[in-house]
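[1] What would the 3D arrangement of this be:
(2 chains)
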2 protein chains.
Amino acid sequence: MQLWFTEPHTDTVQFSIKVDRQVHSEVTDFQRIDVFESFEFGRFLTLDGYMMLTERDEFIYHEMITHVPMAVHPQVRRVLVIGAGDGGVLRELSRYPEIERIDLVEIDERVVEVCKEYLPQTAVGFEDPRVHFYFEDGLKFVRAPEEVYDLIIVDSTDPFGPGEGLFTKEFYGNCFKALKADGIMVNQHESPFYPDDARAMQRAHKRIVESFDHARVYQVHIPTYPSGHWLFGFASKKYHPVKDLDADRWNARGLACRYYNTNLHKGSFYLPNYVQTLLEAVEE
Amino acid sequence: MQLWFTEPHTDTVQFSIKVDRQVHSEVTDFQRIDVFESFEFGRFLTLDGYMMLTERDEFIYHEMITHVPMAVHPQVRRVLVIGAGDGGVLRELSRYPEIERIDLVEIDERVVEVCKEYLPQTAVGFEDPRVHFYFEDGLKFVRAPEEVYDLIIVDSTDPFGPGEGLFTKEFYGNCFKALKADGIMVNQHESPFYPDDARAMQRAHKRIVESFDHARVYQVHIPTYPSGHWLFGFASKKYHPVKDLDADRWNARGLACRYYNTNLHKGSFYLPNYVQTLLEAVEE
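    Numbering: from 1, shown residues only, chains lettered A, B, ... in the order given. You can find the predicted model right below:
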């Protein structure tokens, strides 16, 4: 027998992974959750059939969405994490002793439970005692806080289904309000390559630029995401992601990473012309 | 009817493209050549079933293998291009008026003929009158010349089949000898992600380091190659690819590119830690 998981990257492009077995499947109030055991990527999690993470390459996503803002902001004490039901962002944040409190807002508690059971590699992040759980819609959660957070990490799914609200002007505006005067927001920013993804990227960028004076985008290689070319957004009221990088301070921490380093940090903000053009088209 | 082209990226990972029709297929003395018309990527060329280029993303490969060395070397007059039977490298080189002569060595003349007929977007490069064609094995061609070239571009297929000789110590050693005292060699350097590709990358790097004192690697996003994370090698007797980049000089040329720019040039040499570790393991 052969068992293959296939994800459409566009209507006419598919990415397929041979799996040993499906280890979990359920339909929650919000979405379908599946976990598979594969030969090439170890275990991987899908939501509504879309790849969220694999054990083999999740380090790239989680290191790059976490350490980039942490290497810029000089003193992060309070963090809001939205989405991230797998725990990977928490695992990376837990390496910083100066953080006092992490509020995790995940709409679907079942994602956390499933990851705790089947994906210990990332779910280890849930064990940090500084984490406070809020199982609710991130869009609603951010309406209340004002100037509370040093860092907001938006580890969302794609801009349809339960993650849709996390790509709206209202959401980004409330994130701005929830951040302190020198706060940073980092977000999953889609991909520039396939046309539908590029449009989602442009929409997200346009709405972030409407709320934040300083909004930049950085790129990473994520082999299991469509095209492998993925982006994160970096928005701040104060900091420039490259000029305000304090490489010496971050390197003095001695944190071992498999992807992130402070040179790569700088390099990841130097984008291809075609990506820059797509972003500038919505910056007017 | 549905017609799908599928390329195995590993034994258990596949990438599939829905095609409208196959526009050409033949078996030459060296390999099988196919050209397909697809919905997402336009026309694409495969050799022995492996993706060589698509009309949609070939600009990334061809700009990055050409403009990086051209922005470092101050005066390239004579170029040797090995492989590149599609003409894409020639198209990019043809934008530099100071180049006096380009020697193209392609083992399989049929690749050139097929590309001339079906892939005019890259084959336009063959029209440059400075190009001299040699339809022979690159491994043999480089045995003779001594201190002739300012730049050698090794646009090879993967290290098996007809491209195998282009990944040997003998080949790289002869490239070193064929270069002038300030010459640069750039080569297709495989990918760091999937284990078989990573081993090929390490082998190539080890052999280049044995011949060149200065050998660095840079990365690009190529969506239609396995993992989307692809590398090029930059080796020189004299120049450092970042310190000796003359951004002002290159930008004064006013060459419009869709991927390359001089900031990205620098950024592309800042590699993830895991890639750096793989490279350093063979640099001893």
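
[2] Wasn't residue A:63 part of a strand?
    No. Counting by DSSP: H, G, I helix; E, B strand; the rest coil, one finds residue A:63 to be helix, located in no strand.

[3] distance of it from residue A:268?
    When distances are taken as Cβ to Cβ, to the nearest Å, residue A:63 and residue A:268 turn out to be 11 Å apart. Using the backbone N, CA and C atoms, a C-beta is placed for each residue, glycine as well.

[4] which sections of chain A are below the confidence cut-off?
    Within chain A, not a single segment meets pLDDT under 70.

[5] Can you give me the domain assignment for it?
    According to automatic domain parsing, chain A comprises the domains A:4-54, A:58-280.

[6] Deepest in the core, which of those domains is it.
    Comparing these on average neighbours per residue, with mean count of other Cβ atoms under 10 Å in any protein chain shown, the densest one is domain A:58-280 at a mean of 20.

[7] any residue of that domain up close to chain B?
    Yes. Among the residues of domain A:58-280, A:60, A:193-194, A:219, A:221, A:223, A:227-229, A:257-261, A:263-264, A:266-274, A:276 lie within reach of chain B under Cβ under 8 Å from any Cβ of the partner chain.

[8] Would you map the strands across the stretch 101-250 of chain A?
    For the stretch 101-250 of chain A, strands defined by DSSP state E, counting those that start in this stretch occupy the ranges A:101-105, A:131-134, A:149-155, A:179-188, A:214-221, A:229-236.

[9] In contact with whichever residue of the stretch 151-284 of chain A sits closest to chain B, which residues are there?
    Taking Cβ to the nearest Cβ as the measure, the point where the stretch 151-284 of chain A comes nearest chain B is residue A:228, at 2.1 Å. Shown in contact with residue A:228 (Cβ atoms under 8 Å, 6 or more residues apart in numbering or on different chains): A:221-222, B:221, B:223, B:227-229.

[10] Likewise for residue A:39?
    With contacts taken as Cβ under 8 Å, 6+ apart, residue A:39 has the following neighbours: A:18-20, B:11-12.

[11] Likewise for residue A:66?
    By Cβ under 8 Å, 6+ apart, the residues touching residue A:66 are A:89, A:92-93, A:153.

[12] State the helix or strand in which it lies.
    helix A:58-72 (DSSP states H and E).

[13] hmm, which two among the contacts of residue A:66 are most spread apart?
    Of all pairs drawn from the contacts of residue A:66, the one with the longest distance (Cβ to Cβ) is A:92 and A:153, at 9.5 Å.

[14] quick one: residue A:22 is in a strand?
    Yes. Counting by three-state DSSP, residue A:22 is located in a strand.

[15] and residue A:222, what are its phi and psi?
    Recorded main-chain torsions at residue A:222 are phi -120, psi 100, according to degrees, to the nearest 10.

[16] My read is that it contacts residue A:61, right?
    Yes. In this structure, residue A:222 is within contact of residue A:61 by Cβ atoms under 8 Å, at 5.8 Å.

[17] on that earlier part again, now the residue of the stretch 151-284 of chain A closest to chain B: closest residue in space that isn't a chain neighbour?
    Spatial nearest neighbour of residue A:228, excluding adjacent residues (Cβ to Cβ, 6 or more residues apart in numbering or on different chains): residue B:228 at 2.1 Å.

[18] on contacts alone, who are the packing partners of the lengthiest helix in chain A?
    Taking residue count as the measure and DSSP state H as the definition, the longest helix of chain A comes out as helix A:195-211. Contacts defined by 3 or more Cβ pairs under 8 Å, 6 or more residues apart in numbering or on different chains; DSSP states H and E place helix A:195-211 against helix A:169-178, strand A:179-188, strand A:214-221, strand A:229-236, helix A:273-280.

[19] Out of the ones you listed, flag the one nearest residue A:115.
    Residue A:115 lies closest to strand A:179-188 among the helices and strands packed on helix A:195-211, at 16.9 Å (Cβ to Cβ).

[20] Show me what that closest one is packed against.
    Secondary structure elements in contact with strand A:179-188, counted by 3+ Cβ pairs under 8 Å, 6+ apart, are helix A:58-72, strand A:149-155, helix A:169-178, helix A:195-211, strand A:229-236.

[21] what's next to it, contact-wise?
    Contacts with strand A:179-188, where a contact means Cβ under 8 Å, 6+ apart, come from A:65, A:68-69, A:72-73, A:83, A:147-156, A:166, A:172, A:175-176, A:204, A:208, A:212, A:232-239.

[22] rewinding a little: just how off-centre is the longest helix of chain A within its chain?
    Average the C-alpha atoms of helix A:195-211, do the same for its chain, and the two points are 15 Å apart (Cα atoms, centre = their mean, to the nearest Å).

[23] outside of that helix, which residues touch it?
    The contact list for helix A:195-211, computed with Cβ under 8 Å, 6+ apart, reads A:10, A:158-159, A:167-169, A:172-173, A:175-176, A:185, A:187, A:189-192, A:215, A:217, A:226-227, A:231, A:233, A:235, A:278-279, A:281-283.

[24] got it, and stretch A:103-119?
    A:23-24, A:26, A:28-31, A:33, A:35, A:43, A:45, A:47, A:53, A:55, A:78-87, A:90, A:122-123, A:126, A:131-138, A:141, A:149, A:162.

[25] First-to-last residue distance for that stretch?
    Its first and final residues considered, stretch A:103-119 spans 21 Å by Cα to Cα, to the nearest Å.

[26] for stretch A:267-283, same thing?
    Using Cα to Cα, the span of stretch A:267-283 from its first residue to its last is 22 Å.

[27] Stretch A:242-254 too?
    Termini of stretch A:242-254 sit 20 Å apart (Cα to Cα).

[28] Just give me how far that stretch sits from the chain centre.
    21 Å.

[29] List the contacts of it.
    Under the criterion Cβ under 8 Å, 6+ apart, external residues in contact with stretch A:242-254 comprise A:67, A:70-72, A:74, A:96, A:238, A:262-263, A:265-266, A:269.

[30] Tabulate the strands of the stretch 101-250 of chain A in JSON lines, adding columns for distance to residue B:107.
    Compiled in JSON lines, those are given as follows (distance: least, Cβ to Cβ, whole Å):
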{"stretch": "strand A:101-105", "distance to residue B:107": "57"}
{"stretch": "strand A:131-134", "distance to residue B:107": "59"}
{"stretch": "strand A:149-155", "distance to residue B:107": "48"}
{"stretch": "strand A:179-188", "distance to residue B:107": "45"}
{"stretch": "strand A:214-221", "distance to residue B:107": "31"}
{"stretch": "strand A:229-236", "distance to residue B:107": "31"}
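
[31] Distance of the residue nearest to the spatial centre of chain A relative to residue A:232?
    Within chain A, one residue has its C-alpha closest to the average C-alpha position: by Cα atoms, centre = their mean, that is residue A:155, at 3.2 Å. When Cβ to Cβ is applied, the distance between residue A:155 and residue A:232 equals 10 Å.

[32] if I look at the two, which residues touch both of them?
    Common neighbours of residue A:155 and residue A:232 (criterion: Cβ under 8 Å, 6+ apart): A:65, A:188.

[33] first to last residue in stretch A:155-170, what's the distance?
    Using Cα to Cα, the end-to-end distance of stretch A:155-170 comes out at 17 Å.

[34] List of residues touching it?
    Outside stretch A:155-170, the residues within contact range by Cβ under 8 Å, 6+ apart are A:30-31, A:47-48, A:50, A:52, A:65, A:81-84, A:88-89, A:107-108, A:137-139, A:154, A:171, A:187-188, A:190, A:200, A:203-204, A:207, A:210-211.

[35] what residues does stretch A:14-24 touch?
    Residues outside stretch A:14-24 that contact it (Cβ under 8 Å, 6+ apart) are A:2-9, A:33-41, A:43-44, A:114, A:117-118, A:224, A:226, B:4, B:6, B:11-16, B:18.
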